[in-house]
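Undergrad: here's a sequence, model it:
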Amino acid sequence: MTTSWPFVLLCFYNLTILGLTILKRSTRKQTWRDIGFYLNHLGLFIALLGGILGSADMERLTMTIQKGQVEWRGSLQTGEIKELPLAIQLDTFMIEEYEPKLVIIENETGKMLPASRPESYMFEGVGKTTQLAGVALTITDYLPHAAIFRDSTFMNVVPMMMEGATTALKVKASKPGLAQPVEGWVSNGSYLFPPIFLQIDDETSVAMPMQEIKKYSSHVTTFTENGKTKEAVIEVNKPIQVEDWMIYQYSYDDTKGKYSDTSVFELVRDPWLKVVYTGIFMLLAGALFLFIAGPKKKAS
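TA: Next up, the predicted model:
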């Protein structure tokens, strides 16, 4: 929208009106109360002008870095590679996940049940029970780091404190019409191991969706051309500033999930940002001035 002709023409029209209004007011006899007028109108003119020029001159790139590596090249939206006046070293990348969830799915379609309003249960501890889509579930065991070994006739789930381990819950399930409860492991899998479902009957099974991400962050060291270094932590909605660049946590290698050793950053540079801030501060100062000065008193 900001690059469309109607938007540009509308902004140009507003700037013209503001400029003419300021010029017309400057030809009148000036009083101390005109300070608020000039702060408000000039501030809006400067902020709007800076925003328009900034949208054209803004640079936005993405940078993908593996743990332990240093990168100084970013990718533009066109795919072009550009060298930057700063470099980033990824020291560590950390992901925090919420507790695993259990759901009941339809075997034929894989859809969560009930179809009208799917239900889920977040793990709270071994021995806990719950009801999902008419199925009674009891958690009998929990392995936060597990390995899955299986063939056509045999499956075993064991603890594994290594990269690529998955989360597994042992569940006992029963429902009306079922001769006896069924018990087995359920897992959402990882890039090393496939997921496991516990079949209840011909129609339904217990499944574990992929765990939701609570937070992911990158511990980095930045380097600039003038020799300055900076250690920082970058999180979603918590960027850092290095000279004229804002560095945002953008993504990671979602194929590896919580074991990702790759972080993706977005780097944004707006050379007109200080001009926009100047206009905004002038607007705030003008509003404060008008609040303190109050309305003009009429002569009695």
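Undergrad: use CA for all of it now, contacts and neighbours both
TA: Noted.
Undergrad: near Gln89, how many other residues are there?
TA: As a burial measure, Gln89 scores 20 neighbours (other C-alpha atoms under 10 Å).
Undergrad: so it bridges to which residues?
TA: Val70, Thr221 (DSSP bridges).
Undergrad: quick one, strands of the stretch 51-200 of the chain?
TA: 59-66, 70-75, 81-97, 101-106, 121-122, 129-132, 135-150, 155-159, 166-174, 182-187, 198-199 (DSSP state E, counting those that start in this stretch).
Undergrad: Leu288 is nearest to which of those?
TA: With C-alpha to C-alpha as the criterion, Leu288 lies closest to strand 59-66 of the strands of the stretch 51-200 of the chain, at 34.1 Å.
Undergrad: just give me the residue right at the centre of the chain.
TA: Centroid check for the chain by C-alpha atoms, centre = their mean gives Val236 as the closest residue, at 4.9 Å.
Undergrad: test my guess that Asp261 contacts Asp253.
TA: Yes: if you go by C-alpha atoms under 8 Å, Asp261 and Asp253 touch, sitting 7.3 Å apart.
Undergrad: quick revisit: among the strands of the stretch 51-200 of the chain, which is nearest Ile292?
TA: So among the strands of the stretch 51-200 of the chain, strand 59-66 is nearest, using C-alpha to C-alpha, at 40.3 Å.
Undergrad: return the set of buried residues in the closest one.
TA: By 16 or more other C-alpha atoms under 10 Å, the buried positions in strand 59-66 come out as 60-66.
Undergrad: what's the lowest-pLDDT member of those residues?
TA: Lowest in pLDDT among these is Arg60, which has 92.
Undergrad: what's the spacing between Gly74 and Thr262?
TA: According to C-alpha to C-alpha, to the nearest Å, Gly74 stands 15 Å off from Thr262.
Undergrad: same check, this time on Ile196
TA: Look at Ile196 and Thr262: by C-alpha to C-alpha, they are 27 Å apart.
Undergrad: low-scoring pLDDT stretches of this protein, where are they?
TA: For the chain, residues meeting the criterion pLDDT under 70 lie at 1-4, 294-300.
Undergrad: quick one: the biggest helix by length in it to chain centroid distance?
TA: Assignment by DSSP state H gives helix 34-57 as the longest helix of the chain. Chain-centre distance of helix 34-57: 31 Å, with C-alpha atoms, centre = their mean, to the nearest Å.
Undergrad: show residues contacting that helix.
TA: Contact partners of helix 34-57, identified using C-alpha atoms under 8 Å, 6 or more residues apart in numbering, comprise 2, 11, 15, 18-19, 22, 270-273, 275-287, 289-290.
Undergrad: which among those residues end up buried?
TA: Taking 16+ other C-alpha under 10 Å as the criterion, what is buried in these is 11, 15, 18, 22, 270-273, 275-283, 285-287, 289-290.
Undergrad: now for the nearest residue to Trp185 once chain neighbours are set aside: which residues touch it?
TA: In space, and not counting its chain neighbours, Trp185 is closest to Lys170: 4.3 Å by C-alpha to C-alpha, 6 or more residues apart in numbering. Lys170 is in contact with 139-142, 183-186, counting by C-alpha under 8 Å, 6+ apart.
Undergrad: re the thing from before, just checking, which of the buried ones among the contacts of helix 34-57 belong to helices?
TA: Using DSSP H, these in helices are 11, 15, 18, 22, 273, 275-283, 285-287, 289-290.
Undergrad: which residues sit against stretch 200-208?
TA: 100-108, 173-174, 178, 182, 186-188, 196-199.
Undergrad: got it, and stretch 87-100?
TA: With C-alpha under 8 Å, 6+ apart, stretch 87-100 has contacts from 65-73, 122-124, 167, 208-224, 258-263.
Undergrad: excluding chain neighbours, what is closest to Pro118?
TA: Pro118 sits nearest to Met112 (C-alpha to C-alpha, 6+ apart), 5.5 Å away.
Undergrad: partners of the one you found in the sheet?
TA: Beta-bridge partners recorded for Met112 (DSSP bridges): Ile105.
Undergrad: one step back: reformat the contacts of Lys170 as CSV; add neighbour count and distance to Ile46.
TA: Conversion of the contacts of Lys170 to CSV gives the following (neighbours: other C-alpha atoms under 10 Å; distance: C-alpha to C-alpha, whole Å):
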residue, neighbour count, distance to Ile46
Ile139, 20, 62
Thr140, 17, 65
Asp141, 15, 63
Tyr142, 19, 60
Glu183, 18, 68
Gly184, 18, 66
Trp185, 23, 63
Val186, 24, 60
